[in-house]
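Enquirer: Provide a 3D model corresponding to the input given below.
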Amino acid sequence: MLRLFTKVNVKRLILLLAITVVFAAVLTGCSGKPEGERSEVTIGELAQRLKQAVKLEELKQRDKETLKRLYRLGDDEVEDFVLYTAVSNVKADEVAVIQAKDAAQAERVKQNVSKRIDAQTAKFKDYRPEEYGLIQKHVLKREGRFVLFAVSKDADRIEQVFDEALR
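Expert: Predicted structure coming up:
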């Protein structure tokens, strides 16, 4: 009889452990965001992450007027942005993260940035081959309402920071 009692207790213990494991798995699975939903990071947070990851001291942070002049973008399209460009116009380094007001505007922002890439390519092609090489290795991508543009020797690292921030 003692042996039967032990087997019953062991079975109950195993059942209790199985229920506990399933319950823990369900709680863990429900604690995150729904699949496909991205965290909404701010431009300020993104700029801070970029500054920590790569050297931006050699670049100058720019204002709305520069954004408008370089990319032909206005307040009606852009919610927020951070823009760094080279201090000298003989350098091609440029980093922009632009948050559009909506997804349709983000596509327009990306198209306008593409026009900037074309202009910079034509400008540097025969004039500064090293800078032209940087432009050829640029990063231009869109994630939701955010557009990243990077012309830098650290463009891959900038892209990685951007991707990690928007996960």
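Enquirer: for the protein, what spans make up the helices?
Expert: Taking DSSP state H, the helices of the chain run over residues 2-30, 43-53, 64-71, 103-124, 129-136, 155-165.
Enquirer: tell me the mean pLDDT for the fifth one?
Expert: Confidence over helix 129-136 (mean pLDDT, whole number) is 92.
Enquirer: switch to numbering from 21
Expert: Yep, numbering from 21; the last one is helix 149-156 now.
Enquirer: what angle sits between that helix and helix 175-185?
Expert: Using axes from the mean of the first three to the mean of the last three Cα atoms, to 10 degrees, the direction of helix 149-156 lies 30 degrees away from that of helix 175-185.
Enquirer: strands paired with the lengthiest strand in the chain, and their directions?
Expert: When the chain is parsed with DSSP state E, its longest strand is strand 98-106. Using DSSP bridges, strand 98-106 pairs in its sheet with strand 79-81 (antiparallel), strand 114-120 (antiparallel).
Enquirer: Deepest in the core, which of these is it.
Expert: Compared across the strands paired with strand 98-106, strand 114-120 shows the largest average neighbour count, a mean of 24 (mean count of other Cβ atoms under 10 Å). Yep, even glycine has a C-beta here, placed from its N, CA and C like the rest.
Enquirer: between that one and helix 63-73, how big is the angle?
Expert: If you take the same axes, to 10 degrees, strand 114-120 sits at 160 degrees to helix 63-73.
Enquirer: Name the residues that touch strand 114-120?
Expert: 63, 66-67, 70, 76, 79, 87, 91, 93, 97-106, 126, 128-129, 133, 140, 165-172, 178, 182 (Cβ atoms under 8 Å, 6 or more residues apart in numbering).
Enquirer: and stretch 74-86, average pLDDT?
Expert: 91.
Enquirer: buried set for it?
Expert: Under the neighbour-count criterion of 16 or more other Cβ atoms under 10 Å, stretch 74-86 has 74, 76, 79, 82 buried.
Enquirer: could I get these as a markdown table with distance to Q156?
Expert: Converted to a markdown table, these look like this (distance: Cβ to Cβ, whole Å):
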| residue | distance to Q156 |
| --- | --- |
| V74 | 19 |
| L76 | 21 |
| L79 | 19 |
| R82 | 23 |
